[in-house]
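In: sequence and computational prediction follow.
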Amino acid sequence: MSDDLVYESTCGAFAELVAHGVTTAIVSPGSRSTALAIAARWTQRLDVQIHLDERSAAFYALGMAKASRRPVVLVCTSGTASANYLPAVVEAHYSGVPLIVFTADRPAELRDWGAGQTIDQVDIYGSHVRWAAEMATVGETDPQWYRRMAARAVREATAPRPGPVHLNWPFREPLEPTAKPEVSISPTVELTEARPSPTPAEIELMTRLSGFERGLIVAGPSDFDSTAVRSIGAFAARAGWPIMAEPGSQLRFGQHTKRATVIGTADQLLRVGEWSTAHVPDVVLRIGDSPTCKPFRLWIETNPAPHHVLIDPDGRWNEASFTTTHVVSAEAALLLAVVECDRGTTAWTESWASAEAKARAAIDQIVDSEPMLEASVARTVGREMTGAESLYVSNSMPVRDLDSFAGTAAEGPTVYSNRGASGIDGLVSCANGVAATGSPTVLYIGDIATLHDVGGLLQAARDGNTLTLVIPNNDGGGIFSFLPVAQQEDVNFDELFHTPHGTDLSQLGAITGVRHTAVGDVEALIGALRQRVQRPGVDIIEIPIDRDANLAQHRAISAAVTIAIT
């Protein structure tokens, strides 16, 4: 093995990544990954960041890749380090986020012989990557081959279906460099980006379906940019079709809300049997990933629309209700921009807008008359954040409460969530990754999810990005209180499901080095948000929540909405 070839190969691979637009590498320390870590640091125009915990590092990279819309590289040593990437790789796979994972390894002759820190890393992520490859033992192949593998990694991670890729790098000792090689940043192979444009048949289909007055656009989590949001909003306004937009769709907030009818209370409206049955559309147009709103799924399964179109440019087939009648591969914004329709507001549009207004008034009446609980927290976070900020929302109750109570507005934050695998792990790290792109970021997260990622909180404090955690603390898994099992006797509900932890979050703040504030009413929450959202560093804003009172309020809101719209 030639030491010169080892570093020419690794430096060349990173140079190729940079040539294709990669700007950041997240490195966790280790011995077998020495050549990868040093090569990354030696590469011009590559920002190298050190994260001690591989699990946190991978979620951080996930958040950064979401916000930057470009692949982020992960680098770790051999052994269980690579296994700690798995949860974030799974989320990246299901949510279509580009990651490039470099894992160092022992050479083949040392595997399965008891060599230290050696596990079976080949294909460790299984079906959760777009592409995986075992690299030739470094130093024994032409360095140009490694550059081409790096170029292919970028292509596989970004097109046609964005997601994670994995390259496993075997190294023999010695691992240290003897000299710094000269490598070029210019690409070995040119990559062009092409996204699916609408075909004549797809344009004809949507033009025909836009002739139906009773249409509904259902927008699930997505990474739509402002151009796409404008295009989709303009079509909705022309067609007179309401947009059932959850916050993470990027269609809940924005100037398009002044023209299009954007629905922010669907989670409540679709629970009302009489109203929802009378409002089954002729056409459902699904864009983005699967909606978080469970009442929508139950409603559409019970009352399938005659025409249900899934716009699916990434080939994810997110349609677990099995009610889809058409699957379209074009980009939503490109397709809807060329569909000619000029119907405008109709009685159908107005009926949705009226129900939205009545539901919102019913919600506000209850929330304003009672102590601050989770509905009020979600509503306040949605109201107080601006378009200059980012909001990361945790799974479990936060993402559902934000959907139900945040409202709609002409200005609001970019909203991120992990709805690919819908786990509660790694969310502090993900939000820190978004904050690292320069956007002041609020993480709306529960207490259990916070405790799942204390390592991410430590890293966030170390990084000093502008990150604020808003934590409604109900001392356990409050979402389980909404399930039928909570009403059953002899199931040890608190022990098995609610699982109170008793952790003092103010002490957690002291341990990790982040600032902590507890608030008990809406005015204090608003004041804390306004003071902290633009302040560098990490803050925790904790809101104590009475679990039983919170459950009762949610049920009272649903009952009030039912009365208001029937």
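Out: Here it is on my side, so go on. This one's a predicted model, so the numbers in the text were calculated from it and none came from an experiment. Numbering: from 1, shown residues only.
In: can we go C-alpha only for contacts and neighbour counts from here?
Out: Fine.
In: mind listing what's buried in stretch 448-467?
Out: Residues of stretch 448-467 classed as buried by neighbour count (16 or more other CA atoms under 10 Å): 448-451, 453-461, 463, 465-467.
In: likewise for stretch 192-208?
Out: Residues of stretch 192-208 classed as buried: Pro196, Pro198, Glu202, Ile203, Met206, Thr207 (neighbour count, 16+ other CA under 10 Å).
In: for Pro164, what are phi and psi?
Out: phi -80, psi 150 (degrees, to the nearest 10).
In: need the contact list for the closest residue to it other than its chain neighbours.
Out: Distances taken as CA to CA, 6 or more residues apart in numbering place Leu99 nearest to Pro164, at 4.3 Å, with adjacent residues excluded. Leu99 sits next to 61-62, 65, 71-74, 89, 92, 157, 163-165 when contact means CA atoms under 8 Å, 6 or more residues apart in numbering.
In: report the beta-bridge partners for Leu99.
Out: Applying DSSP bridges to Leu99 gives these bridge partners: Val72, Pro164.
In: kindly provide the distance from it to Val73.
Out: Distance, Leu99 to Val73, by CA to CA, to the nearest Å: 6 Å.
In: can you tell me the helix or strand for Leu443?
Out: strand 441-444 (DSSP states H and E).
In: quick one: list the elements packing against that strand.
Out: Strand 441-444 sits against strand 390-393, helix 427-435, strand 467-473, with contacts defined as 3 or more CA pairs under 8 Å, 6 or more residues apart in numbering; DSSP states H and E.
In: can you say which of those is packed in most?
Out: Across the helices and strands packed on strand 441-444, averaging neighbours per residue (mean count of other CA atoms under 10 Å) puts helix 427-435 on top, at a mean of 31.
In: and that helix, what does it pack against?
Out: With contacts taken as 3+ CA pairs under 8 Å, 6+ apart, helix 427-435 sits against helix 54-68, strand 390-393, strand 441-444, helix 447-452, helix 454-463, strand 467-473.
In: the same query, at a cut-off of 10 Å, please.
Out: helix 54-68, strand 390-393, strand 414-417, strand 441-444, helix 447-452, helix 454-463, strand 467-473 (3 or more CA pairs under 10 Å, 6 or more residues apart in numbering; DSSP states H and E).
In: what about that helix, average pLDDT?
Out: Mean pLDDT, helix 427-435: 98.
In: please state the offset of it from the chain centre?
Out: Centroid separation between helix 427-435 and its chain, computed with CA atoms, centre = their mean, to the nearest Å, is 10 Å.
In: quick one: the helices in the stretch 201-350 of the chain?
Out: Per DSSP state H, counting those that start in this stretch, the stretch 201-350 of the chain carries helices over the ranges 226-239, 266-269, 273-278, 294-302, 332-337, 347-369.
In: between the ones you listed, which gets nearest to Ser390?
Out: The closest of these to Ser390 is helix 226-239. By CA to CA, the value is 14.1 Å.
In: any buried residues in the closest one, and which?
Out: Ala228, Val229, Arg230, Ser231, Ile232, Gly233, Ala234, Phe235, Ala236, Ala237, Arg238, Ala239.
In: same check on stretch 343-354?
Out: Those would be Arg343, Gly344, Thr345, Trp348, Thr349, Trp352, Ala353, for stretch 343-354 by 16+ other CA under 10 Å.
In: just to revisit the earlier point, just put the helices of the stretch 201-350 of the chain in JSON lines and tack on distance to Met149.
Out: Putting the helices of the stretch 201-350 of the chain into JSON lines (distance: least, CA to CA, whole Å) gives the following:
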{"stretch": "helix 226-239", "distance to Met149": "32"}
{"stretch": "helix 266-269", "distance to Met149": "46"}
{"stretch": "helix 273-278", "distance to Met149": "53"}
{"stretch": "helix 294-302", "distance to Met149": "42"}
{"stretch": "helix 332-337", "distance to Met149": "32"}
{"stretch": "helix 347-369", "distance to Met149": "52"}
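In: rewinding a little: between the buried residues of stretch 343-354, which is closest to Glu542?
Out: Checking those against Glu542 by CA to CA gives Ala353 as the nearest, at 34.5 Å.
In: quick check: mean pLDDT across stretch 75-85?
Out: Here the average pLDDT along stretch 75-85 is 97.
In: then stretch 550-557?
Out: Mean predicted lDDT for stretch 550-557 stands at 96.
In: separate out the buried members of the contacts of Leu99.
Out: Counted by 16+ other CA under 10 Å, these give 61-62, 65, 71-74, 89, 92, 157, 163-165 as buried.
In: which one of those is nearest Arg555?
Out: Nearest to Arg555 out of those is Ala92 (CA to CA; 34.6 Å).
In: the closest one belongs to a strand?
Out: No - applying DSSP: H, G, I helix; E, B strand; the rest coil, one finds Ala92 to be helix, outside a strand.
In: how close does it get to Ala58?
Out: 10 Å.
In: what touches both of those two?
Out: Counting by CA atoms under 10 Å, 6 or more residues apart in numbering, the residues touching both Ala92 and Ala58 are Leu86, Leu99.
In: buried residues in stretch 92-112?
Out: 92-107, 111.
In: same deal with stretch 530-547?
Out: 532-534, 537-547.
In: next: stretch 551-564.
Out: Using 16+ other CA under 10 Å as the test for burial, stretch 551-564 gives Leu551, Gln553, His554, Ile557, Ser558, Ala559, Ala560, Val561, Thr562, Ala564.
In: now that stretch - C-alpha only, PDB.
Out: Presented in PDB, the C-alpha positions along stretch 551-564 are these (Å, rounded to 0.1, in the frame of the first residue of the first chain):
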ATOM      1  CA  LEU A 551     -56.800  16.200  27.400                       C
ATOM      2  CA  ALA A 552     -60.000  17.800  28.600                       C
ATOM      3  CA  GLN A 553     -59.300  21.000  26.600                       C
ATOM      4  CA  HIS A 554     -58.600  19.100  23.400                       C
ATOM      5  CA  ARG A 555     -61.900  17.200  23.800                       C
ATOM      6  CA  ALA A 556     -63.800  20.500  24.600                       C
ATOM      7  CA  ILE A 557     -62.300  22.100  21.400                       C
ATOM      8  CA  SER A 558     -63.500  19.200  19.200                       C
ATOM      9  CA  ALA A 559     -67.000  19.500  20.700                       C
ATOM     10  CA  ALA A 560     -67.000  23.200  20.200                       C
ATOM     11  CA  VAL A 561     -66.000  23.000  16.600                       C
ATOM     12  CA  THR A 562     -68.700  20.400  16.000                       C
ATOM     13  CA  ILE A 563     -71.300  22.800  17.400                       C
ATOM     14  CA  ALA A 564     -69.900  25.700  15.500                       C
END
